[in-house]
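1. next input, structure requested:
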Amino acid sequence: MISDVLKVEVSDALSTLGIEGGSFAVEHPDDLSHGDYSTNAAMVFSKTVKANPRVLAEKIVAELSKNMPEDVEKIDIAGPGFINFHLKREFFAAEVKKIIKEKEKFGSNDFFKKAGLKKVMIEYTDPNPFKEFHIGHLMSNAIGESIARIIAFSGAQVRRACYQGDVGLHVAKAVWAFSRFGKKDAVPSVVELAAFYAQGARAYEEDGIAMHEITVVNKKIYTREDDGINALYDIGKKVSLEYFDGLYGKLGTEFDYFFYESVTGPIGKKLVEENLAKGIFEKSAGAVVFKGDEKMGLHTRVFINSEGLPTYEAKELGLVELKRKKYGYDLSLVVTGNEIKDYFKVLLDVVKKIFTSKDSKGTNIRHVPHGMLRLPTGKMSSRTGDVVTVVSLIEKIQAHLHEKFPGKDSTADDVIAIGAIKYSILRQSSGDDIIFDLDKSVSFEGDSGPYLQYAAVRANSIGGKAKAAKIKGAVKQFPFEAHSLEKMLYRFPEIVERAAREYEPHYITTYLTELAGLFNSYYANNQIISAEDKDSPYKIVLTHAFAIVMRNGLNLLAIEVPEKM
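-> Numbers count the residues shown, from 1 in each chain. Next comes the predicted model:
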């Protein structure tokens with residue numbers, strides 16, 4: 001990338017001036033009139049060499065000018081000592097040609113491969129059977145799927161994993177209520193299973209007898225000792241998983257591995273018991289606990305409860321062991337809500353203590369926490385049955401679209417609604433909470449998923465119109481001045497690499513929104529297809545390049561582009 005070239009050139013100029021070490025930035029100025037790149041090197045090192053920043057900038061520019069970088073037209077100094085680089089007109093036309101040539105590969109890089117992280121496993125979504133798939137799961141799915149695509153686009157072999165809590169008290173509560181209130185020999189719907197869970201949860205809190213019965217059911221689910229309980233459990237789990245599979249398809253996610261707590265639990269329990277004598281764990285009031293170092297901000301966690309059952313913590317240990325065996329990853333990412341950040345710190349400390357002693361492979365695990373997605377009505381609770389499901393949210397957006405745009409073609413409803421939700425999630429840093437704005441999410445006027453989809457659809461339509469007009473796109477001749485659209489298109493690879501490095505899709509979302517705005521302005525102020533315009537072939541190619549970048553970028557966000565809108 002040209003930014004890397006410029007950084008090397010500035011480093012060489014500093015070295016020639018006897019300035020070594022330290023770091024400086026080479027980045028895009030906010031205002032395009034200030035050049036295509038700018039560096040703060042003179043201001044960073046002025047104190048080191050005890051020189052006026054502007055004077056030092058002049059010396060750096062003098063060195064750079066002795067061997068002007070190939071694609072640089074001129075270099076100037078602005079303000080207190082910023083060094084601005086202006087790229088040649090031909091550079092932008094060449095980048096447009098490169099986009100057309102590389103097509104769906106444009107923007108890809110080898111960041112992870114160069115970092116020695118060739119194999120990456122990423123776990124996300126993680127819905128629990130016997131509950132509905134709500135917008136909290138959608139938050140994890142949207143962020144996790146986008147990160148997975150970005151990492152794969154950045155040189156790694158990616159495997160997607162989904163970890164589902166198919167055992168535990170939440171399941172026991174649902175099965176208990178199912179056994180009491182379910183219709184005999186009837187297969188319940190997911191909605192009914194969720195209602196059973198809510199009934200069981202209330203009974204567990206309000207009725208001591210029910211609490212005892214649910215505790216017994218919980219143990220029987222682990223031991224598989226009761227045929228009646230097994231039958232209800234198996235039906236509920238099957239219904240839940242089929243429901244989840246349908247949603248994964250709708251959301252554009254294909255998992256490579258499905259892990260279940262019923263499998264990881266026994267493995268985790270064995271690991272805890274094996275390390276009890278080593279002093280990693282200790283017994284306490286009939287349970288087995290890990291006492292975290294409070295100086296390191298770690299708290300005490302129970303790994304085996306007094307009933308002898310593995311807790312969520314022990315199951316996670318079993319999950320680590322399974323992941324290591326299934327896919328010998330160089331890096332494992334776990335995308336979850338940020339409410340378990342402290343818990344995860346404890347888990348990673350335990351993982352290092354257990355696995356480093358026998359095999360350090362697989363201990364490179366990173367937690368990627370995200371904020372909460374909420375509607376203006378506030379926080380959800382599956383315990384009380386007060387949840388917003390993904391299906392209901394999609395339907396609500398579709399209804400809003402038809403109310404706002406009566407007579408709209410409904411063939412792309414799902415694609416537009418899902419794109420609207422994903423954009424709302426991916427438009428800001430993953431760690432931030434989101435209040436979902438229904439009206440803003442379906443706006444065609446900017447800062448929304450449909451806005452980006454519409455810009456891409458509009459650009460795609462130009463190809464057919466050009467073909468009908470018998471005007472073929474070409475890069476041989478181009479306007480004298482580069483348009484702002486061209487000056488934004490070539491930045492896409494830089495944006496992708498930054499998003500990969502920081503696990504932050506919002507950089508791509510922000511970039512695409514700005515890019516779409518530039519294209520819409522270009523489209524409004526230029527007649528792209530015209531037999532009388534000598535620049536028309538280049539305008540057609542530029543539009544095609546924009547369509548490619550938009551398609552590549554939206555694909556990294558897992559937002560589909562409909563054929564028409």
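
2. low-confidence ranges, the stretch 301-450 of the chain, go.
-> 357-360, 377-387, 407-409 (pLDDT under 70).

3. taking the centroid of this protein, which residue is nearest it?
-> Nearest residue to the geometric centre of the chain (CA atoms, centre = their mean): I143, 2.9 Å.

4. what pLDDT is listed against that one?
-> We have a pLDDT of 97 for I143.

5. and the next helix or strand past the helix or strand that contains it?
-> In the assignment (DSSP states H and E), I143 maps to helix 135-153. For helix 135-153, the succeeding helix or strand toward the C-terminus, using DSSP H and E, is strand 157-164.

6. so what does the next helix or strand after that next one touch, helix or strand wise?
-> Downstream of strand 157-164, the next assigned helix or strand under DSSP H and E is helix 169-181. Counting contacts by 3 or more CB pairs under 8 Å, 6 or more residues apart in numbering; DSSP states H and E, helix 169-181 is packed against helix 190-206, helix 208-223, helix 227-251. For every residue, glycine as well, the C-beta is placed using N, CA and C.

7. show the average pLDDT along the last one.
-> Mean pLDDT, helix 227-251: 96.

8. buried stuff in that helix?
-> 229, 232-233, 235-237, 239-241, 243-244, 247-248, 251 (16 or more other CB atoms under 10 Å).

9. relative orientation of that helix and helix 135-153 in degrees?
-> Interaxial angle of helix 227-251 relative to helix 135-153 (axes from the mean of the first three to the mean of the last three CA atoms, to 10 degrees): 60 degrees.

10. which strands or helices does helix 227-251 pack on?
-> Secondary-structure packing of helix 227-251 (3+ CB pairs under 8 Å, 6+ apart): helix 135-153, helix 169-181, helix 190-206, helix 208-223, helix 390-404, helix 413-426.

11. mind giving me a markdown table with these and columns for distance to P450?
-> Below are the helices and strands packed on helix 227-251 laid out as a markdown table (distance: least, CB to CB, whole Å):
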| stretch | distance to P450 |
| --- | --- |
| helix 135-153 | 16 |
| helix 169-181 | 36 |
| helix 190-206 | 28 |
| helix 208-223 | 44 |
| helix 390-404 | 8 |
| helix 413-426 | 5 |
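
12. ok, which of those comes nearest D31?
-> helix 413-426 (26.6 Å; CB to CB).

13. identify the residues contacting the closest one?
-> When contacts are defined by CB atoms under 8 Å, 6 or more residues apart in numbering, helix 413-426 is touched by residues 138-139, 142-143, 146, 250-252, 373, 393-394, 397-398, 401, 434, 436-437, 440-442, 448-450, 452-453, 505-506, 508-509, 554, 557-562, 565.

14. residues contacting G236?
-> Under the criterion of CB under 8 Å, 6+ apart, the neighbours of G236 are 129-130, 171, 174-175, 178, 188, 193.

15. then P80?
-> P80 neighbours (CB under 8 Å, 6+ apart): 43, 53-54.

16. out of those, grab the one that's most surrounded.
-> Ranked by the number of neighbours (other CB atoms under 10 Å), those place P53 first, at 20 neighbours.

17. one step back: redo the helices and strands packed on helix 169-181 as CSV? Include distance to I462.
-> Output for those, formatted as CSV (distance: least, CB to CB, whole Å):
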stretch, distance to I462
helix 190-206, 44
helix 208-223, 58
helix 227-251, 30
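
18. which among these is found nearest to D71?
-> helix 227-251 (40.9 Å).

19. quick check: angle from the closest one to helix 169-181?
-> Using the same axes, to 10 degrees: helix 227-251 against helix 169-181 is 120 degrees.

20. my guess is Y243 meets F130, correct?
-> No - Y243 is not in contact with F130 according to CB atoms under 8 Å; the separation is 10.7 Å.

21. and the helix or strand hosting F546, how far from the chain's centre?
-> Element membership of F546 [criterion: DSSP H and E] is helix 536-556. In terms of CA atoms, centre = their mean, to the nearest Å, the centre of helix 536-556 is found 23 Å from the chain centre.

22. doesn't F303 belong to a strand?
-> Yes - F303: assigned to a strand according to DSSP: H, G, I helix; E, B strand; the rest coil.

23. neighbours of it, how many?
-> F303 - counted by other CB under 10 Å - has 27 other residues nearby.

24. wait, what's in contact with it?
-> Counted by CB under 8 Å, 6+ apart, F303 has contacts 268, 272, 281, 288-290, 310-311, 313-314, 317.

25. how close does it sit to V346?
-> 10 Å (CB to CB, to the nearest Å).

26. any common contacting residues for those two?
-> Common neighbours of F303 and V346 (CB under 8 Å, 6+ apart) are 290, 313.

27. what comes up buried for stretch 91-98?
-> Buried residues in stretch 91-98 (16+ other CB under 10 Å): 91-93, 95-97.

28. in JSON lines, list these along with pLDDT, secondary structure and distance to A203.
-> Listed next are these as JSON lines, based on pLDDT from 0 to 100; DSSP: H, G, I helix; E, B strand; the rest coil; distance: CB to CB, whole Å:
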{"residue": "F91", "pLDDT": "95", "secondary structure": "helix", "distance to A203": "69"}
{"residue": "F92", "pLDDT": "95", "secondary structure": "helix", "distance to A203": "67"}
{"residue": "A93", "pLDDT": "94", "secondary structure": "helix", "distance to A203": "70"}
{"residue": "E95", "pLDDT": "96", "secondary structure": "helix", "distance to A203": "64"}
{"residue": "V96", "pLDDT": "95", "secondary structure": "helix", "distance to A203": "65"}
{"residue": "K97", "pLDDT": "95", "secondary structure": "helix", "distance to A203": "68"}
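
29. for the stretch 451-565 of the chain, which segments count as helices?
-> Under the criterion DSSP state H, counting those that start in this stretch, the stretch 451-565 of the chain contains helices at 484-489, 492-502, 506-525, 536-556.

30. pick the most deeply packed of these.
-> Across these, averaging neighbours per residue (mean count of other CB atoms under 10 Å) puts helix 536-556 on top, at a mean of 23.

31. tell me what it is packed against?
-> Here helix 536-556 touches helix 89-102, helix 135-153, helix 449-468, helix 484-489, helix 492-502, helix 506-525, going by 3+ CB pairs under 8 Å, 6+ apart.

32. repeat that for 6 Å
-> If contacts are counted by 3 or more CB pairs under 6 Å, 6 or more residues apart in numbering; DSSP states H and E, helix 536-556 sits against helix 89-102, helix 449-468, helix 506-525.

33. look up which residues are beta-bridged to the closest residue to H34 other than its chain neighbours.
-> If the residues on either side of it in the chain are set aside, H34 comes closest to N84, at 5.6 Å by CB to CB, 6 or more residues apart in numbering. Listed by DSSP bridges, the beta-bridge partners for N84 are S38, D76.

34. run a quick neighbour tally on N84.
-> There are 20 residues near N84, going by other CB under 10 Å.

35. ok, it to L17 distance?
-> Note on N84: its distance to L17, by CB to CB, is 19 Å.

36. same thing with G236?
-> Applying CB to CB to G236 and L17 gives a distance of 72 Å.

37. out of the buried residues of helix 227-251, who's nearest N109?
-> After measuring those against N109 - CB to CB - the closest member comes out as L251, at 25.8 Å.
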